[in-house]
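>>> Give me the fold of what follows.
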Amino acid sequence: MGIRDGERVELVVEGAWFEKFPWSRQLLDPELGQRAGAPALSIACRVVNVNHLAGVIVKTDGCWDNQGGRHEGFDIFVPWSYVVGILEIGSESGARRVGFL
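Numbering: from 1, shown residues only. Sure, this is the predicted structure:
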């Protein structure tokens, strides 16, 4: 796919795995309207390290509180086995390229 460190992506992860973490819903942009129990969830982020053998390290674009207020994002590690797809967000005119593992 050609995703490199530093690129902005939407990482599509397996919903059941991601929702096991009590903080997981705070990393989902409320404007996307992603529902609990969805089979897959999208996390907007910047790739920190795509070369890790077991997964990818990303910094989320933000986190949100109960009132929808946005705060600084977190670095998270997502094992490759739970990555369903990667939506690359291109800098040129907001173009997107989709890839599935």
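>>> Show me the helices in the protein, by range?
Secondary structure of the chain by DSSP state H: the helices cover 15-18.
>>> Any regions of it where pLDDT drops low?
Along the chain, the parts satisfying pLDDT under 70 run over 1, 90-101.
>>> How about the residue nearest the centre of the chain: which residues does it bridge to?
Central residue of the chain (C-alpha atoms, centre = their mean): residue 43, 2.5 Å from the mean position. Residue 43 has these beta-bridge partners by DSSP bridges: residue 11.
>>> Now do the contacts for the closest residue to residue 73 other than its chain neighbours.
Ranked by C-beta to C-beta, 6 or more residues apart in numbering and with sequence neighbours excluded, the top spatial neighbour of residue 73 is residue 60, at 3.6 Å. For every residue, glycine as well, the C-beta is placed using N, CA and C. The contact partners of residue 60, by C-beta atoms under 8 Å, 6 or more residues apart in numbering, come to 27, 43, 44, 45, 73, 74, 76.
>>> Buried members of those residues into ChimeraX, please.
The ChimeraX selection below is limited to those of the contacts of residue 60 classed as buried (16 or more other C-beta atoms under 10 Å):
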select :27,43,44,45,73,76
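>>> Tell me the one among the contacts of residue 60 nearest to residue 65.
For those, the closest approach to residue 65 (C-beta to C-beta) belongs to residue 27, at 11.8 Å.
>>> related to what we said a few turns ago, and the residue nearest to the centre of the chain, how close does it get to residue 17?
Distance of residue 43 to residue 17, given as C-beta to C-beta, to the nearest Å: 12 Å.
>>> separation between the closest residue to residue 17 other than its chain neighbours and residue 22?
Spatial nearest neighbour of residue 17, excluding adjacent residues (C-beta to C-beta, 6+ apart): residue 82 at 4.6 Å. Distance of residue 82 to residue 22, computed by C-beta to C-beta: 17 Å.
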